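Student: Could you work out the structure for the sequence below:
(2 chains)
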Amino acid sequence: MNDQLHTDEFKDINEAVGEEWESETTPYERIRRVIAHRYMPVSADAVAEDARTSPKTARKHLNTLAEEGFVVTAAGEHGGIVYRRSPESLVVEQAADILEHVSTDELVTRIGEMRDQLNSYQQEYGVDSPEELTIEQTNQTLAEPDSDQSVIDAETIREWQTTRRNLAFANAALSIANAERFVDGDLSSTDENVPA
Amino acid sequence: MIKRVQTDETHSLRGAIDRPALLTIRRIIEREVPLASPELDDYLNPTVLEVTLDDGLCGAETARLDVQWTIHADYKFHYTDSEEVNFRWGKHPHDGDYIHVPGLEHYHPPPNASSTPDEVEESCIKQSPEALVTRAVLKLWRVAYHADAYAPLNAASNPP
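Tutor: Okay, here's the model as predicted:
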């Protein structure tokens, strides 16, 4: 650690932490870090600013990350290219983390619990998704502005969205675990207990 | 009643809690504050990263930092301690209700992390990547800890 940069005296907190980060990382690492959790398309210029590097450097590394499958590209509004984290790469990364830390048995149990949770949201609110719930709630508020009916709070909608997303990661992990079992199993031809 | 509904909606974090971002923030905290023990409340389906701090501010014996981060990069870093002091750095829409806050980044001051519209302050943290927001929070906390005061928590500068 660099004591000079880790001093608690600073003129501007944002500049101070930016300089620290810059001193400990390469431009490639910062660009990868900035785009890792950008799920909406952004320009190379915006990534460059957050990653404290030049747009040219950002574009170069983002294109490398696109070739590696870490980011996906699309045509932006003004003919430029926009970038976002590849959902496929994110799912694989999260699945790998889950398999490293959670046993398959526990995974099966927890997937069941999360499914039950999503089903209970659907039954309780009579809609299929948190997005439908948001629309329904808005319509209801417009139709009956003085209604005393209990309103579903934003936190419930967020919990629903969060559980749905994390169930997707968990399902991907379990699928990979199962696939690996059968791919490995192909090497030993005497296994008679192949589950359905 | 109706006003309350709108307040609830427009003052929330946008989108699902982002497990991948919480894992990144956990790694940063583990590296920067070896004595803290950041843990997800639920490893597979987390809603918050709980960071138990070795010591609290201004005489509090124990303290905790609760971190939330969403897929739209909205966030809350909420401090609470054994003296029941609370404050929070946040970033999310507030529908212009926080009259001193021009952007999304704001600060709910101690002792009770006030949400009273004219008490919520503009946050000194303007960076948006989680790597930088987390570092800024830890640095501000450290300065306040050494100063034995709450004032540095939302001060953009800490001159020698």
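Student: Quick check, B:His78 in contact with B:Glu50.
Tutor: No: taking contacts as C-beta atoms under 8 Å, B:His78 lies outside contact range of B:Glu50: 10.1 Å. Where you see a C-beta, it was placed from the backbone N, CA and C, and this is true even at glycine.
Student: near chain B at all, the helix or strand harbouring A:Gln137?
Tutor: Per DSSP states H and E, A:Gln137 falls inside helix A:130-143. Yes: residues of helix A:130-143 are located near chain B by C-beta under 8 Å from any C-beta of the partner chain, namely A:Thr141.
Student: Flag every buried residue along that helix.
Tutor: By neighbour count with 16 or more other C-beta atoms under 10 Å in any protein chain shown, helix A:130-143 contains the buried residues A:130, A:133-134, A:137, A:141.
Student: could you point out which element follows the worst-scoring helix or strand of chain B on mean pLDDT?
Tutor: Lowest on mean pLDDT, DSSP states H and E among the helices and strands of chain B sits helix B:2-10, with a mean of 41. The helix or strand immediately downstream of helix B:2-10 is helix B:19-32, counting by DSSP H and E.
Student: tell me what that following helix is packed against?
Tutor: helix A:27-36, helix A:87-101, helix A:154-185, strand B:37-40, strand B:49-53, strand B:63-69, helix B:130-147 (3 or more C-beta pairs under 8 Å, 6 or more residues apart in numbering or on different chains; DSSP states H and E).
Student: Residues in contact with that helix: which ones?
Tutor: A:33, A:36-37, A:90, A:93-94, A:97, A:165-166, A:169, B:36, B:38-40, B:45-46, B:49, B:51, B:67, B:69, B:71, B:73, B:130-131, B:134-135, B:138 (C-beta atoms under 8 Å, 6 or more residues apart in numbering or on different chains).
Student: Kindly supply the ChimeraX command isolating those of the residues you listed that are buried.
Tutor: Burial among the contacts of helix B:19-32 is assessed by 16+ other C-beta under 10 Å; the matching ChimeraX selection reads:
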select /A:33,36,37,90,93,94,97,165,166,169 /B:36,38,40,45,46,49,51,67,69,71,73,130,131,134,135,138
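Student: how close does A:Asp105 sit to chain B?
Tutor: 13 Å (C-beta to the nearest C-beta, to the nearest Å).
Student: residues near that residue, how many?
Tutor: The criterion is other C-beta atoms under 10 Å in any protein chain shown. On that basis, A:Asp105 has 8 neighbouring residues.
Student: Would you verify that it is located in a helix?
Tutor: Yes: assessed by DSSP: H, G, I helix; E, B strand; the rest coil, A:Asp105 belongs to a helix.
Student: ok, it to A:Pro27 distance?
Tutor: 43 Å (C-beta to C-beta, to the nearest Å).
Student: next one: B:Ala63
Tutor: 36 Å.
Student: what about these two, which has more around it?
Tutor: Ranked by neighbour count (other C-beta under 10 Å), B:Ala63 and A:Pro27 place B:Ala63 first, with 21 against 17.
Student: Distance check, the more buried one against B:Tyr145.
Tutor: Applying C-beta to C-beta to B:Ala63 and B:Tyr145 gives a distance of 10 Å.
Student: Same check on B:Leu35?
Tutor: From B:Leu35 to B:Tyr145 the distance is 12 Å (C-beta to C-beta).
Student: Which residue of those two possesses the greater neighbour count?
Tutor: Set B:Leu35 next to B:Tyr145 and count neighbours by other C-beta under 10 Å: B:Tyr145 wins out with 18 against 8.
Student: ok, the nearest residue to the more buried one once chain neighbours are set aside - contacts?
Tutor: Distance criterion C-beta to C-beta, 6 or more residues apart in numbering or on different chains; nearest residue to B:Tyr145, sequence neighbours excluded, is B:Leu57 at 5.9 Å. Neighbouring residues of B:Leu57 by C-beta under 8 Å, 6+ apart: B:63, B:79, B:81, B:85, B:141, B:144-145, B:148, B:150.
Student: Just among the residues you listed, which is most surrounded?
Tutor: B:Tyr79 (26 neighbours).
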